[in-house]
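>>> no FASTA, just this:
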């Protein structure tokens, strides 16, 4: 198992060409060091090959996760481990961690994160979505207003069907800040149609500062609002966020100047 023998017979370059052709990046990176270790330790050839295979599988899994996270288009990354569950008593950590196992996606169930602003709904949504990416799920994040804009553009350009088909291939769609901005009638109809198309096929996580009773503000149509909520809640979980905004409590905790004005560190 001496690596020098490959050099002596002019075969090292050939081996590396084969590894590159087979797209075995971890093999190519590690085989020389692993061979030396195996030779020193007197390990059998099978153990040497097993170590290389383990390195390759680990590398490919890491690359899949990296690609999945990039494809999701998150605006920023937030982990569940950094969420302060003690500050939001209505959200149970055990429940969220159970959801992070991903069973809801296998059943095409939805998660509705609703309640007061500033309590980390987007944080939890992204944390759950990152967990999904690490399970090799296909994930896409959208600010709801941006998605509505894109739906209308695709409709006008006669490309809507092809655009919607991409969502049907997902395992999880995150619609953030539903109701944060007003939605035109055409946009609300297209959003309703998308959710209907994905119903019982793709899981959706929605975050909204609005109570369900206020969702009429989004659609301006009571029948459509009722049907929209019905589809989302039929197979899903509602996580209701209650309490005082993180940002507001952080501001109160910051020191102020002696003259009563805000300190330089205070976010305005």
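In hand now; what should we look at? Computed from a prediction, not measured in an experiment: that's the story for all the values here.
>>> show the model's pLDDT score for the residue minimising distance to the centre of the chain.
Geometric centre of the chain, nearest residue: residue 129, 2.8 Å, by C-alpha atoms, centre = their mean. On pLDDT, residue 129 comes in at 98.
>>> poorly predicted segments of the stretch 101-250 of the chain, please.
245-250 (pLDDT under 70).
>>> in the protein, which spans are helices?
Ranges of helices in the chain, per DSSP state H, are 3-8, 12-21, 25-41, 45-72, 93-99, 103-106, 121-133, 144-156, 160-167, 185-198, 216-219, 222-234, 246-253.
>>> so which of these comes closest to residue 174?
Nearest of these to residue 174, taken as C-beta to C-beta: helix 121-133 at 5.3 Å. C-beta: built from backbone N, CA, C; applies to glycine.
>>> and residue 62, how far is that from residue 136?
12 Å (C-beta to C-beta, to the nearest Å).
>>> repeat for residue 112
25 Å.
>>> so those two - more neighbours on which side?
Neighbours per residue, other C-beta atoms under 10 Å: of residue 112 and residue 136, the larger number sits with residue 112, 22 against 13.
>>> OK, contacts around the more buried one?
For residue 112, the contact set (C-beta atoms under 8 Å, 6 or more residues apart in numbering) comprises 205-206, 208, 232-233, 236-239.
>>> of these, which is the most crowded?
Neighbour max across the contacts of residue 112 (other C-beta under 10 Å) = residue 205, 28 neighbours.
>>> correct me, but that one touches residue 110?
Yes - here residue 205 reaches residue 110: they are 7.1 Å apart, a contact under C-beta atoms under 8 Å.
>>> follow-up on the earlier one: need the winner for burial among the helices of the chain.
Mean neighbour counts were taken over the helices of the chain using mean count of other C-beta atoms under 10 Å, and the top value, a mean of 23, falls to helix 121-133.
>>> which helices and strands does that one pack with?
For helix 121-133, the packing partners by 3 or more C-beta pairs under 8 Å, 6 or more residues apart in numbering; DSSP states H and E come out as helix 45-72, helix 93-99, strand 110-115, strand 139-143, strand 172-176, strand 203-208.
>>> repeat that for 7 Å
In terms of contacts (3 or more C-beta pairs under 7 Å, 6 or more residues apart in numbering; DSSP states H and E), helix 121-133 is packed against helix 45-72, strand 110-115, strand 139-143, strand 172-176, strand 203-208.
>>> can you check what angle separates that helix from strand 172-176?
170 degrees (axes from the mean of the first three to the mean of the last three C-alpha atoms, to 10 degrees).
>>> need the contact partners of helix 121-133.
Outside helix 121-133, the residues that touch it by C-beta atoms under 7 Å, 6 or more residues apart in numbering are 65, 68-69, 72, 74, 77-80, 83, 96, 99-100, 102, 105, 113, 139, 141, 171-172, 174, 176, 205, 207, 241.
>>> the inter-axis angle of that helix versus helix 45-72?
Computed by the same axes, to 10 degrees, the angle between helix 121-133 and helix 45-72 is 150 degrees.
>>> and helix 121-133 with strand 139-143, angle?
160 degrees.
>>> need the helices and strands packed on helix 121-133 in TSV with distance to residue 165, can you?
Shown next, in TSV, are the helices and strands packed on helix 121-133 (distance: least, C-beta to C-beta, whole Å):
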stretch	distance to residue 165
helix 45-72	16
strand 110-115	20
strand 139-143	13
strand 172-176	13
strand 203-208	17
